[in-house]
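In: Sequence plus predicted model, see below.
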Amino acid sequence: MKHTFATWHELAAERTGLAVGVAPSPKWLSAWGLPDTVGGAGTFCDIVLASLAGVAAVKVQTPFFERFGAEGLALLSSFFAGCAQRGTLTVADAKRCDTEDTMASYADLYLGEQSVLGADAVTVAPYIGVDATAPLFEVARQRGCAVFVLVRTSNHESAVQLSRDEGGRTVSEQVADRIAAHNRTLATGGRAGPVAAVVGAPPEAAAALLRRMPDTVVSLPGLGRPGRTVDQFRTVVGDEGGRVVLPISSGVLEAGPHGLADRIRQWQTVLRPMCPPGRSR
Ligand SMILES: O=c1ccn([C@@H]2O[C@H](COP(=O)(O)O)[C@@H](O)[C@H]2O)c(=O)[nH]1
């Protein structure tokens, strides 16, 4: 059976919630001894693909491909096709943000039936209004894809997300509530809705946001970073492991081309108890 993010709980139960971070940036190409060219990025992708057996998902930072122009996009498209052959879902981490008509074109580019990229999911920023991204939600629903909306990010400049409205809700909480509302309408048959969330908050805030969005797949970045422990994540996830995606970039790429496959297996071993087999959302 081909899984989608709507059936993430089944895929994660089988393969764990790990999403391998894919970033052919100047930094990682250099660390891997590869040239900072589209050819170097191609070799990087081949090595990653060879290490993906049994991996549920990849989270791909698309600007590191786009910077190479048409050749970079062609590489991204063929990398996604390679992932699909392995049953690995693809998140295009593009963090798009625009008004409705433009977002509709992003839906065509990343998720649509004729999409040249053919991703399973794309990330969007909600600061022009969550509902401006709604054209993507409908395409995602029709095609069994997902749109990951940034609810709370981990970067130092993210304070605006904690501003409060008259009712006392933070911007992050308002975004979370819109996501929950969309999924109440769009989720069907006990599956997760097509609107997913990215929550890079500290543990307590992350757990509260996770509870605020039932029927929603939630990506929790931060594992593998200094100061973030597996125990912290275990506490946040609780028994909701069937709807959690755990993206790890630096924590896998730092193993280098020869250690990558082993590092991925090590993370899967660590993460397996967070997603009990057969557990539903
Ligand atoms: O809150 C967020 C949301 C997304 N990111 C992205 O993750 C990578 C870094 O991943 P590591 O596993 O920590 O290396 C970063 O470049 C963003 O694209 C994030 O950091 N925080």
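Out: Perfect, thanks for sending it. Numbering: from 1, shown residues only.

In: Which residues of the stretch 151-281 of the chain lie near the ligand?
Out: Contact residues (CB under 6 Å from any ligand atom) of the stretch 151-281 of the chain with the ligand: T153, S154, V198, G200, P221, G224, R225, I248, S249, S250, G251. Yep, even glycine has a C-beta here, placed from its N, CA and C like the rest.

In: Narrow those residues to just the buried residues.
Out: Those of those that meet the buried threshold are T153, S154, V198, G200, P221, G224, I248, S249, G251, by 16 or more other CB atoms under 10 Å.

In: quick one, phi psi at V91?
Out: Here is the backbone geometry of V91 (degrees, to the nearest 10): phi -110, psi 120.

In: if I read this right, it contacts A19, doesn't it?
Out: Yes. The pair V91 / A19 is scored as a contact, 6.4 Å apart, by CB atoms under 8 Å.

In: Now list whatever residues contact both of these two.
Out: Shared contacts of V91 and A19 (CB atoms under 8 Å, 6 or more residues apart in numbering): A57, V58, K59, S219, V245, P247.

In: so of the residues you listed, which ones are in helices?
Out: Members of the shared contacts of V91 and A19 lying in helices (criterion: DSSP state H): none.

In: can you redo the residues you listed as TSV with neighbour count?
Out: What follows is the shared contacts of V91 and A19, written out as TSV (neighbours: other CB atoms under 10 Å):
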residue	neighbour count
A57	28
V58	27
K59	26
S219	25
V245	26
P247	26
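
In: which of those lies closest to the ligand?
Out: P247 (6.1 Å; CB to the nearest ligand atom).

In: Please name the residues that touch that closest one.
Out: Taking CB under 8 Å, 6+ apart, we find P247 in contact with A19, V20, G21, A57, K59, V91, S219, L220, P221, L223.

In: how far away is the closest residue to the ligand within the chain from G256?
Out: Using CB to the nearest ligand atom, the single residue of the chain nearest to the ligand is G200, 2.4 Å away. To G256, G200 is 26 Å away according to CB to CB, to the nearest Å.

In: which residues touch stretch 254-273?
Out: 15-18, 20, 31-33, 44, 47-48, 50-52, 54-55, 223-224, 230, 234, 246, 248, 251-253.

In: so of these, which ones are in helices?
Out: Judged by DSSP H, the contacts of stretch 254-273 include R15, A31, F44, I47, V48, A50, V230, R234, G251, V252, L253 as members of helices.

In: Can you go through those residues and name the buried ones?
Out: Buried members of these, counted by 16+ other CB under 10 Å: R15, F44, I47, V48, G251, V252, L253.

In: Give me the pLDDT value at the first one.
Out: The reference is to R15. pLDDT recorded at R15 is 97.

In: Equivalent analysis for R279, please.
Out: At R279, pLDDT is 45.

In: same thing with K2?
Out: pLDDT for K2: 84.

In: Leaving out sequence neighbours, find the closest residue to it.
Out: G87 (7.3 Å; CB to CB, 6 or more residues apart in numbering).

In: burial count for the one you found?
Out: 17 (other CB atoms under 10 Å).

In: Where does it fall, secondary structure wise?
Out: Here G87 is covered by no helix or strand, with elements defined by DSSP states H and E.

In: roughly how far is stretch 100-118 from the heart of the chain?
Out: Mean C-alpha position of stretch 100-118 versus that of the full chain (CA atoms, centre = their mean, to the nearest Å) differs by 17 Å.

In: got the end-to-end distance for it?
Out: 21 Å (CA to CA, to the nearest Å).

In: So which residues make contact with that stretch?
Out: 73, 76-77, 80-81, 84, 90, 92, 94, 96, 98, 119-122, 124, 132-136, 138-140, 143, 145, 147.

In: Now, those that are in strands?
Out: Mapping the contacts of stretch 100-118 onto strands (DSSP state E) picks out T90, A92, A94, R96, A121, V122, V124, V147.

In: Hmm, the third one is touching L136, no?
Out: No. The pair A94 and L136 fails to qualify as a contact (CB under 8 Å) at a distance of 11.1 Å.
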